[in-house]
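Asks: Please find the sequence and the predicted model below.
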Amino acid sequence: MNKALRRPVIAGNWKMNQTPAEAKALIEEMKPLVKDADCEVVLCVPFVDLQAAMDAAAGSNIRIGAENCHWAQKGAFTGEVSAEMLKAMGVPYVIIGHSERRQYFGETDQTVQMRVRAALDAGLTVILCVGEYLQQREQGITEEVVRLQTKIALGGVSAEELKRIIIAYEPVWAIGTGKTATAAQANEVNHAIRVCVGELYGKDAADRLVVQYGGSMNAGNAKELLAQPDVDGGLIGGASLKAADFSVIVGAAS
Ligand code: PGA
């Protein structure tokens, strides 16, 4: 499969960190460090930081994303934010199905599918997260788990819409634990995801699909992970909160 067809995407996931003022300061610090990147650079930030982040990133090569969105356009969903609201703000990216949403906030494959639908309808680009728990890896069902997550999430997504989907493979046991998947493990599952998408949409679409790895990717291990034939970028948690570390990862993808 031809890696040259795909432009790598390095996306930060700030999770529940940074006030708007801190967001602005961190982006100002990052801008000069990533300005020559030969890859897409995205920062997904808390809802309350979106405006400050977009203002700080304006005119630079940093794009801003949200970390979640609801499936309904509007309505009685206290505390939620719709894809339409993100669109109205001019936010281009959204993470959907992150394992922390699945683990702590009752997200299921079905609600992930609904959120993907809403995000695509609003014109957003989706970073769709899939990944197995440690117990599932130990049972030898990693590939089945990520294939099922991928297939359900993409239910109803057209070939044209698939161009606005990035898939992030994030083994749950590697997130925030300092335990990274080996480069070979990451590549193996990323490849399986690409094969699965190929079965659904054909080889061309699969060749063009950006599949990221996420889970304790950092300045030290990024180069080896990103050199893998099926690893087209990263979804970076902890290391995206440090300008120097994040810029090293961006450099490794460029
Ligand atoms: P981490 O998080 O890089 O801190 O492991 C990755 C993620 O959850 O997206």
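Replies: Perfect, I can see it now.
Asks: any idea whether Gln212 is helix, strand or coil?
Replies: Of the three states, Gln212 takes strand according to DSSP: H, G, I helix; E, B strand; the rest coil.
Asks: thinking it is in contact with Asp230, fair?
Replies: No - Gln212 is beyond contact range of Asp230, at 10.4 Å (criterion: CB atoms under 8 Å). Every C-beta, even on glycine, is put in place using the N, C-alpha and C of the backbone.
Asks: The two - which one has more neighbours?
Replies: The neighbour comparison of Gln212 against Asp230 (other CB atoms under 10 Å) goes to Gln212, with 28 against 21.
Asks: nearest residue to Leu154 other than its sequence neighbours?
Replies: Nearest in space to Leu154, with sequence neighbours left out and distances taken as CB to CB, 6 or more residues apart in numbering, is Leu200 at 6.5 Å.
Asks: State the distance from the one you found to Ser60.
Replies: 35 Å (CB to CB, to the nearest Å).
Asks: Next: Ser99.
Replies: From Ser99 to Ser60 the distance is 29 Å (CB to CB).
Asks: between these two, which one's more packed in?
Replies: Ser99 (23 against 15).
Asks: What residues does that one make contact with?
Replies: Counting by CB atoms under 8 Å, 6 or more residues apart in numbering, Ser99 makes contact with Cys129, Gly131, Glu170, Val172, Ile175.
Asks: Retrieve the pLDDT associated with the third one.
Replies: If I follow you right, that is Glu170. Glu170 is assigned a predicted lDDT (pLDDT) of 98.
Asks: Kindly report the same for the first one.
Replies: For Cys129, the model assigns a pLDDT of 98.
Asks: got it, and the one 4 residues further on?
Replies: In the predicted model, Tyr133 carries a pLDDT score of 96.
Asks: Now it. Nearest residue, chain neighbours left out?
Replies: What sits nearest to Tyr133 in space, not counting adjacent residues and going by CB to CB, 6+ apart, is Val172, at 4.9 Å.
Asks: Dihedrals phi and psi, that neighbour?
Replies: phi -60, psi -30 (degrees, to the nearest 10).
Asks: so it touches Leu134, yeah?
Replies: Yes - between Val172 and Leu134 a contact is recorded at 7.0 Å, counting by CB under 8 Å.
Asks: which one's the longest helix in this protein?
Replies: helix 183-201 (DSSP state H).
Asks: Off-centre distance for that one?
Replies: Computed by CA atoms, centre = their mean, to the nearest Å, the chain-centroid distance of helix 183-201 equals 16 Å.
Asks: by contact count, what packs against that helix?
Replies: Judged by 3 or more CB pairs under 8 Å, 6 or more residues apart in numbering; DSSP states H and E, helix 183-201 is in contact with helix 142-153, helix 159-162, strand 165-169, helix 203-208, strand 210-214, helix 222-226.
Asks: Next, count neighbours for Leu33.
Replies: Leu33, neighbours per other CB under 10 Å, totals 15.
Asks: ignore the last one, Phe105
Replies: Neighbours of Phe105 under the rule other CB under 10 Å: 10.
Asks: picking that back up, show me which of the contacts of Ser99 are buried.
Replies: Among the contacts of Ser99, those buried by neighbour count (16 or more other CB atoms under 10 Å) are Cys129, Gly131, Glu170, Val172, Ile175.
Asks: so which of those residues comes closest to the ligand?
Replies: Closest approach between those and the ligand, by CB to the nearest ligand atom: Ile175, at 4.3 Å.
Asks: What separation do you get for the residue lying closest to that closest one once chain neighbours are set aside and the ligand?
Replies: Distances taken as CB to CB, 6+ apart place Gly215 nearest to Ile175, at 4.9 Å, with adjacent residues excluded. Applying CB to the nearest ligand atom, to the nearest Å, the value for Gly215 to the ligand is 5 Å.
Asks: Within the helices and strands, which one has Val112?
Replies: Applying DSSP states H and E as the criterion places Val112 in helix 109-121.
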